[in-house]
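Novice: How does the following fold in three dimensions:
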Amino acid sequence: REWRKYQATFIKLDVQKTKVDIETAQAEVDQAKLAEVEGALTAAKAEVETRKREIQEAERELGRADAVRYKIDQEYRFAKATADSLRYEFESKRAAGSSSAERLSKELDDEVAGMDASHQKLFEAQQKVKEIKDRIAKIVEARDNAQKAHDDLFAVKTRYEKKLEKTQPNIWSLVRNAPF
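Specialist: The predicted structure follows:
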């Protein structure tokens, strides 16, 4: 398999080129912008650190609210399943002309009313969970924005580093590509 030596040569060249590209990408980063972004990131991280207790409390509150939302969601789903089952039974009895259709109609109306109440409670619980998540997001928003700006500055370099990680020979690729 004579192509393996060409492949090995290509991989070496690709690795060398990628390393040069990484250095070039690092050099192209605007140092003034980097200093500004790092300063903003440090300040934002410090702000989040000072509000850490508030974030932890909000996360605990979120956990409790989400557990309540889950319980209400289960109740709603069970009520809906029961209402659907009663609706099928009612419509079957009504189509057959059974006298029990009137009784099932009353049960179905009661179950639908309960299902609607559960749906309203579920909506309220979902709103509460969303409000808590929004409150947490607002606290960490500046940090997240600064981190994104920092990551954007190094996006090209990061892409080349990932490429290098995949193309750089390791023990497995050397064994796999060894000339046999």
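Novice: Tell me where this structure is predicted with low confidence.
Specialist: 1, 177, 179-180 (pLDDT under 70).
Novice: Show me the helices in it, by range?
Specialist: Secondary structure of the chain by DSSP state H: the helices cover 3-28, 31-50, 52-96, 101-153, 155-167, 171-176.
Novice: any idea how far the residue in the chain sticking out farthest from the centre lies from Asp110?
Specialist: Distance from the centre of the chain peaks at Ser99, with 52.8 Å (CA atoms, centre = their mean). Separation of Ser99 from Asp110 (CB to CB, to the nearest Å): 19 Å. All C-beta spots, glycine's among them, are computed from the backbone N, C-alpha and C.
Novice: still on that earlier bit, with mean neighbour count as added columns, please give the helices of the chain in TSV.
Specialist: Formatted as TSV, these follow (neighbours: other CB atoms under 10 Å):
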stretch	mean neighbour count
helix 3-28	13
helix 31-50	13
helix 52-96	14
helix 101-153	15
helix 155-167	14
helix 171-176	10
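Novice: ok, Ser105 touching Lys93?
Specialist: No. Contact between Ser105 and Lys93 fails when scored by CB atoms under 8 Å: they sit 9.1 Å apart.
Novice: Output stretch 123-130 as PDB, nothing but the C-alphas.
Specialist: The C-alpha coordinates for stretch 123-130 follow below in PDB (Å, rounded to 0.1, in the frame of the first residue of the first chain):
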ATOM      1  CA  PHE A 123     -49.900  27.300  32.900                       C
ATOM      2  CA  GLU A 124     -49.400  29.300  36.200                       C
ATOM      3  CA  ALA A 125     -46.700  26.900  37.300                       C
ATOM      4  CA  GLN A 126     -44.900  27.200  34.000                       C
ATOM      5  CA  GLN A 127     -45.000  31.000  34.200                       C
ATOM      6  CA  LYS A 128     -43.500  30.800  37.700                       C
ATOM      7  CA  VAL A 129     -40.700  28.600  36.400                       C
ATOM      8  CA  LYS A 130     -40.100  30.900  33.500                       C
END
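Novice: Leaving out the residues flanking it, which one is nearest to Thr167?
Specialist: Among residues not flanking Thr167 along the chain, Asp14 sits closest, at 5.4 Å (CB to CB, 6 or more residues apart in numbering).
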